Structures are given as structure tokens and as C-alpha cells.
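Chemist: Here's a sequence, model it:
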Amino acid sequence: MTSREKALLDIDIAQNELLAVGRPELTEEEERYYYLLDDAEDLTVAGADIPPLFMLELFLFSHNTGHAVPGFVLDWLYKGALEFHQADGQEHFERGLGFTAGSGKYAGQGHEFVTARRERRLDREKMYVQIAMLNKFDNYTVEDAAFLVCLIRERETGYSDVVLSCDTLLRGYKAWRGKSAIVNNKKYREKWELHKEEWKEIFKQLETDGAIIPHPKKR
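Modeler: So this is what the prediction gives:
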């Protein structure tokens, strides 16, 4: 059995365990874990390597949800631990796991984490802009706007974001300094008007799927 075949088998076993008959409904973290396994399967079938940060998340979600860590993830951890041990601890542990690593106080700050932080920041700012436009240009309350953006995110990804909940998103938005610039920037209003009908269609689809969509309220 090749390593890719083993990974596909491990993924199948892990997903079957999550969906076993008689088990309670998936928690949000289990649901997130399930879709991570889906993504890992897609990469493996395509013949692509699973990025180390992705492997780390698979380990964390499997362990945090109380499920057995998939065998291919344990193999990845073993390989890193073995290289670290054979080097008598003289090499950065993360190098054996496939991460890049800096030196001295920057150890562990490889580009994988730097890139992930940048992508998360840009992703959140995109959501903050959406909240601001719903609030400023369509008269939704900030709370309802954050709720709607969370619904849209869930629809796009297929799962609730257990890391970025609606409450977390709302707190982040209130602390975001860029929101005041939205209402005074002509391009944002033009962008909102250009895509307003698309937003309305998304809200209709969400209602069709059973979501309760709040209505705009004059502040």
C-alpha cells in the first residue's frame, strides 16, 4: 500500500467514525474536522502534498474532538520527531515536519505561519468591509450585519467557523479602525450599489434554506 493509498484509507476511517450510526450529531469542531478531512482527500486524490500547516490542523482538530488521530498524520509527526531525535535536538523540530524556520528568537516563524496570518487578516478585513457596507449603506444594525456575514461565510464554506464566531467577528469589527473610512469612500458605495442585487439574491437563497434573515432597521 502506497502512502497516498494509506492516507485515503485513514481519511475514510476517520470520516466513518465521525458519522457512525448511533453517534450524536457532530459538534461544530467535529464538523470543521470532517471538512478538513474532505480537503485532505481532495489534495491526496489530486496527487498533491498536504501542506504542513494543514497537517497540524488535522492533528489539533482530531485530538481536540476526542477522535483518534489519523494514521497518516501520526506518520507525519513521527517523521518530524525522528529527525529531531536523530539530530540530538540540534535542528528545529518544525523543519522535520516540513515547515521553514527562522533562527534564534524567530524559530517557528516560518513563512507558512506568516502567510496564514496575512491571509486571515485580509480575510477578516474583507468581512469587516461587508459588515460596514450593510450597516452604512443598507441600514442594518451592526449586530445584524455581522450575523448576515457569518451566514454567508457558512454558506460559502459549508460549515460554521468555530475559530471566527459571529461574536468574535463582531468584537473584531468594533475594534477595526478602517470602518470609518467606508462611509466616506465613494468607491465602496459604488461597489455596494453595483452588487446590491446579488446580495438580495443571496439573502433569498439563505431564506429558502431555512435561515431567518433580519430586515434593515433605521438607526
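Chemist: Specify the local secondary structure of the residue of the chain most remote from its centre.
Modeler: For the chain, the largest distance from the centre (C-alpha atoms, centre = their mean) belongs to residue 88, which lies 35.5 Å off. State at residue 88, reduced to three classes by DSSP: H, G, I helix; E, B strand; the rest coil: coil.
Chemist: Please apply the same query to residue 75.
Modeler: helix.
Chemist: so what's residue 67 closest to, chain neighbours aside?
Modeler: Once flanking residues are discounted, residue 67 sits nearest to residue 17: 6.1 Å by C-beta to C-beta, 6 or more residues apart in numbering. All C-beta atoms are positioned from the backbone trio N, CA, C, and that covers glycine.
Chemist: okay, residue 59: pLDDT?
Modeler: In this prediction, residue 59 carries a pLDDT score of 94.
Chemist: Can you tell me how far residue 203 is from residue 30?
Modeler: 29 Å (C-beta to C-beta, to the nearest Å).
Chemist: quick one: residue 72 from residue 82, how far?
Modeler: Note on residue 72: its distance to residue 82, by C-beta to C-beta, is 15 Å.
Chemist: Count the residues that sit near residue 201.
Modeler: 10 (other C-beta atoms under 10 Å).
Chemist: Let me see the contact set for it.
Modeler: Applying C-beta atoms under 8 Å, 6 or more residues apart in numbering, we find residue 201 in contact with no residue.
Chemist: ranges for the helices of the protein?
Modeler: Under the criterion DSSP state H, the chain contains helices at 3-18, 28-45, 52-64, 71-86, 93-96, 111-138, 142-157, 166-175, 179-183, 186-208.
Chemist: Much appreciated, bye for now.
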